[in-house]
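Peer 1: Predicted model follows, preceded by the sequence.
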Amino acid sequence: MPYALITGASRGIGRALAAELAGRGYSLLLTARSADQLAQVAAELSRLPGVEARFLALDLAEPGAALQLAAWVREQTSELAVLVNNAGYGLWGGSRICPWPPSKICCNSICCCPWS
């Protein structure tokens with residue numbers, strides 16, 4: 001079965017989408033910041049028939065993390081069929097309240113992941 005990569009998979013929407021895709025028979029590549037929560041999600045979903053769930057604890061806001069994720073995915077499978085890019089964070093306020101560095105972090109995690 002092909003794989004689905006889900007970022008932000010440790011809780012909330014990411015976890016729910018991981019469960020839905022596992023229920024449809026996809027094997028899973030999960031990533032989020034919390035290794036403990038990811039291990040729990042992977043163990044839970046691996047109990048489903050035919051589902052393999054692997055995980056990598058990673059903060060995609062860190063420089064180079066997107067490249068690290070891309071390399072890890074390539075090591076895991078050549079059959080990536082689904083990408084759920086759910087990792088993220090929110091900032092409230094205007095541009096004077098929300099400084100540039102968080103915006104730069106967001107751009108690093110979304111825009112700097114080469115995939116070919």
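Peer 2: Done, it's in.
Peer 1: and the nearest residue to residue 68 once chain neighbours are set aside, what does it touch?
Peer 2: Distance criterion C-beta to C-beta, 6 or more residues apart in numbering; nearest residue to residue 68, sequence neighbours excluded, is residue 58 at 6.4 Å. Backbone N, C-alpha and C define where each C-beta goes, glycine included. Going by C-beta atoms under 8 Å, 6 or more residues apart in numbering, residue 58 touches 31, 32, 33, 65, 68, 69.
Peer 1: which SS state does the first one fall under?
Peer 2: In other words, residue 31. Secondary structure, DSSP: H, G, I helix; E, B strand; the rest coil: residue 31 is strand.
Peer 1: my guess is it meets residue 68, correct?
Peer 2: No. Counting by C-beta atoms under 8 Å, residue 31 does not reach residue 68; the two are 9.7 Å apart.
Peer 1: out of the two, which sits in the busier spot?
Peer 2: Set side by side, residue 31 and residue 68 show more neighbours around residue 31, with 26 against 15, by other C-beta atoms under 10 Å.
Peer 1: Which parts of the chain are strands?
Peer 2: 3-7, 27-32, 53-57, 80-85 (DSSP state E).
Peer 1: Tabulate the ones you listed (TSV), appending distance to residue 17 and mean pLDDT.
Peer 2: Supplementary listing: the strands of the chain in TSV, determined by distance: least, C-beta to C-beta, whole Å; pLDDT from 0 to 100:
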stretch	distance to residue 17	mean pLDDT
strand 3-7	6	95
strand 27-32	10	96
strand 53-57	13	97
strand 80-85	5	91
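Peer 1: Let me have these in JSON lines, adding distance to residue 73 as columns.
Peer 2: Below are the strands of the chain laid out as JSON lines (distance: least, C-beta to C-beta, whole Å):
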{"stretch": "strand 3-7", "distance to residue 73": "6"}
{"stretch": "strand 27-32", "distance to residue 73": "6"}
{"stretch": "strand 53-57", "distance to residue 73": "9"}
{"stretch": "strand 80-85", "distance to residue 73": "6"}
